[in-house]
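J.: From the sequence below, what's the structure:
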Amino acid sequence: MGLLVGLALGLAAAFGGFGAFLTVLVIGALGVVVGLVLDGRVDISQLSQGRRQ
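T.: From the prediction side, this is the model:
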């Protein structure tokens with residue numbers, strides 16, 4: 001998995017420049033977070049509750 005991510009980031013940097021590299025990096029990080037939430041490894045219910053004491 002890490003190899004595929006590295007290849008995607010390398011291609012984005014090589015053909016699209018630094019802006020494309022950052023775009024791919026941010027979208028990839030968001031994808032990882034969404035995947036972890038959907039898989040049940042990360043619980044975001046505390047974020048949706050706000051500040052209740």
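
J.: count of neighbours near L47?
T.: Using other CB atoms under 10 Å, L47 is surrounded by 7 other residues. Any C-beta I mention is one placed from the backbone N, CA and C, and that applies to glycine too.

J.: From the chain's centroid, how far away is stretch 14-25?
T.: 14 Å (CA atoms, centre = their mean, to the nearest Å).

J.: who touches it?
T.: A8, L9, A12, A13 (CB atoms under 8 Å, 6 or more residues apart in numbering).

J.: would TSV of those residues with distance to Q49 and neighbour count be doable?
T.: Shown next, in TSV, are the contacts of stretch 14-25 (distance: CB to CB, whole Å; neighbours: other CB atoms under 10 Å):
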residue	distance to Q49	neighbour count
A8	35	15
L9	35	16
A12	37	20
A13	39	16
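
J.: possible to save the residues you listed as CSV with secondary structure and distance to L38?
T.: Supplementary listing: the contacts of stretch 14-25 in CSV, determined by DSSP: H, G, I helix; E, B strand; the rest coil; distance: CB to CB, whole Å:
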residue, secondary structure, distance to L38
A8, helix, 21
L9, helix, 23
A12, helix, 25
A13, helix, 28
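
J.: List the buried residues in the host helix or strand of L30.
T.: Under the criterion of DSSP states H and E, L30 resides in helix 2-39. Across helix 2-39, burial judged by 16 or more other CB atoms under 10 Å covers L9, A12, A13, F21, V24.

J.: And the next helix or strand past it?
T.: Following helix 2-39 in sequence, per DSSP H and E, is helix 45-49.

J.: Quick one: mean pLDDT for that next one?
T.: Helix 45-49 shows a mean pLDDT of 73.

J.: And stretch 9-16, by the same measure?
T.: Here stretch 9-16 scores 88 as its mean pLDDT.

J.: Can you show me the CA trace of that stretch as PDB?
T.: Extracted in PDB, the C-alpha atoms of stretch 9-16 (Å, rounded to 0.1, in the frame of the first residue of the first chain):
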ATOM      1  CA  LEU A   9       2.700  11.100  -5.100                       C
ATOM      2  CA  GLY A  10       5.900  10.800  -7.200                       C
ATOM      3  CA  LEU A  11       3.900  10.900 -10.400                       C
ATOM      4  CA  ALA A  12       1.900  13.900  -9.200                       C
ATOM      5  CA  ALA A  13       5.100  15.700  -8.300                       C
ATOM      6  CA  ALA A  14       6.800  14.800 -11.600                       C
ATOM      7  CA  PHE A  15       4.000  15.700 -14.000                       C
ATOM      8  CA  GLY A  16       2.000  18.300 -12.000                       C
END
